[in-house]
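**Student:** Can you look at this prediction? I've put the sequence above it.
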Amino acid sequence: MVNKVQNTSRARRCTRGPPSTENSEDVRERLLTAARELFARYGYRAVSSRQIATAAGANVAMIRYYFGGKPGLYREMFNTMSAPVRAGIDAMTHGLVTVELGTLLNAAVRMWAANPWLLGLIIREVLLPEGPFRGVFIKEFPERLAPLIEKIVQREIERGHIREGLDPKLTVLSMISLGLFPFLALPVTSKVFGVRQDEEFLQRFLAHTADLLAHGLEKPQTSENKS
């Protein structure tokens, strides 16, 4: 009986250790993939950690091991998706690369277009009344990233690269509205305006949006106009 208790205790201790390094990254990615699919289909509240683990073919304890629990897994989904945009913003903020708002817009639009699962998730979990992750989303993304982009815009205004008189905060809002709304409202914009997520459309859309942001709708002044 003593041996049986000791063996059981030893087995429990073994299950608490880290997973083997051979497949650890694969398990982590499978959990992220399963979470994206289930959250997008059913919503955050309706999906349990056990369901995610089962879909990923992993032990449910691995969700806590890698992400600290289901909320951490949810946040990591967004962090992984937005990592390239964050890196670009950080590099521009610290003067490590030339400031190119067009490049920043390009990265954000491509991030959005490359993650169609995100559309339903944002609508259900953030935009609808009492969305369970509205507070987390605002804290993790707009509240952290928007001020950094505002500083970049303000610096470009001071350098004379962007015309004076523009409100940096509203400029960022305009960039987000022009660049991301067509994909957020894809079920409608795809039918009415032909919005697509393929490379041909993205290049055309990005060139148009960058030109509109840079020059507006006003007809360029020529010598004939001025006279």
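**Tutor:** On my side now, so go ahead.

**Student:** per-domain residue ranges of the protein.
**Tutor:** 1-68, 70-216 (automatic domain parsing).

**Student:** immediately after the host helix or strand of residue 65, which helix or strand?
**Tutor:** Using DSSP states H and E, residue 65 sits within helix 61-67. Using DSSP H and E, the helix or strand that follows helix 61-67 towards the C-terminus is helix 70-93.

**Student:** what packs against that next one?
**Tutor:** Judged by 3 or more CB pairs under 8 Å, 6 or more residues apart in numbering; DSSP states H and E, helix 70-93 is in contact with helix 24-42, helix 49-56, helix 61-67, helix 101-113, helix 134-140, helix 142-158. C-beta here means a position set from N, CA and C on the backbone, and glycine is covered the same way.

**Student:** For residue 195, which of these is the nearest?
**Tutor:** helix 101-113 (9.2 Å; CB to CB).

**Student:** Could you dump the helices and strands packed on helix 70-93 into CSV and include mean neighbour count, distance to residue 217 and mean pLDDT?
**Tutor:** Formatted as CSV, the helices and strands packed on helix 70-93 follow (neighbours: other CB atoms under 10 Å; distance: least, CB to CB, whole Å; pLDDT from 0 to 100):
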stretch, mean neighbour count, distance to residue 217, mean pLDDT
helix 24-42, 18, 36, 89
helix 49-56, 18, 47, 96
helix 61-67, 19, 46, 95
helix 101-113, 19, 18, 82
helix 134-140, 15, 31, 76
helix 142-158, 16, 20, 84
